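Trainee: Sequence and computational prediction follow.
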Amino acid sequence: LQFLRDDLVAEVSALLSRFRLDGGTLMLEITESTLMREPERAIKMMRSLKALGVRLAIDDFGTGYSSLGMLKRFPLDYLKIDRAFITDLTTNASDAAIAVSIIALARSLNLRVIAEGVETEGQMLYLRGRGCDEMQGCHFSPPLAPESFADMLAGGRDDAPAGAEGSARTHPAARR
């Protein structure tokens, strides 16, 4: 719903300024279904956010109704593979084929790929072997309360879990 607000770009700009952050330190994830509600408006909004340096990702990719023609028009940085295709990745040929296809599609569009819902080492190894850039999920950390996550970041621990769903970043060990 926030993405559909007319004041989103101004609000993001004000927050970046207030906290003295470079736009590139922020990634906004927008669900595929939200983008497809009003695609032309979404493209305008995304271009304005990109002008601030903000990185953009399509969340839950593969579960909505976006066309490939629309996908190439969105000014994106990342595609996030929905957890529905990750859960049975190592035991279901269809899920594996979809995940590998999304990775290949992202590569051909010069986008990075994040897999969400990675819960096992087998999933992590499979995705890493197929060129997935980043991963999130309980394999790296259980979900954390905001206070626990803030404490972890403030502590500056390199080994700290940060790949949990809902976390603010992807676990460095899960990056290629």
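Mentor: Cool, the structure landed.
Trainee: For the protein, which segments count as strands?
Mentor: If DSSP state E is used as the criterion, the strands of the chain fall at 27-31, 55-61, 78-81, 112-115, 134-135.
Trainee: can you map out the helices along this structure?
Mentor: In the chain, helices defined by DSSP state H lie at 8-18, 32-37, 39-51, 68-71, 93-108, 121-129, 146-155, listed in chain order.
Trainee: quick one: the fifth one to chain centroid distance?
Mentor: So the one you mean is helix 93-108. The offset between the C-alpha centroid of helix 93-108 and the centroid of the whole chain comes to 16 Å, using C-alpha atoms, centre = their mean, to the nearest Å.
Trainee: Give me the contacts around it.
Mentor: 61-62, 68, 71, 78-79, 81, 84-90, 112-113, 115, 126-127, 130-132 (C-beta atoms under 8 Å, 6 or more residues apart in numbering). Glycine gets a C-beta too; all of them are placed from N, C-alpha and C.
Trainee: mind redoing it with 7 Å?
Mentor: Counting by C-beta atoms under 7 Å, 6 or more residues apart in numbering, helix 93-108 makes contact with 61-62, 79, 81, 85-86, 88-89, 112-113, 130-132, all of which sit outside it.
Trainee: between that helix and strand 55-61, how big is the angle?
Mentor: Using axes from the mean of the first three to the mean of the last three C-alpha atoms, to 10 degrees, the interaxial angle of helix 93-108 with respect to strand 55-61 works out to 160 degrees.
Trainee: and the angle for helix 93-108 with helix 121-129?
Mentor: Angular relation of helix 93-108 and helix 121-129 on a 0 to 180 degree scale: 30 degrees, by the same axes, to 10 degrees.
Trainee: buried ones in the helix or strand of the chain with the lowest mean pLDDT?
Mentor: Of all helical and strand segments in the chain, the minimum by mean pLDDT, DSSP states H and E falls on helix 68-71, at a mean of 80. With burial defined by 16 or more other C-beta atoms under 10 Å, the residues of helix 68-71 counted as buried are Met70, Leu71.
Trainee: Could I have the CA atoms of it written out in CSV?
Mentor: Listed next in CSV are the C-alpha coordinates belonging to helix 68-71 (Å, rounded to 0.1, in the frame of the first residue of the first chain):
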residue,chain,number,x,y,z
LEU,A,68,8.2,-10.3,-19.7
GLY,A,69,7.4,-7.2,-21.7
MET,A,70,6.6,-5.3,-18.6
LEU,A,71,9.5,-6.8,-16.6
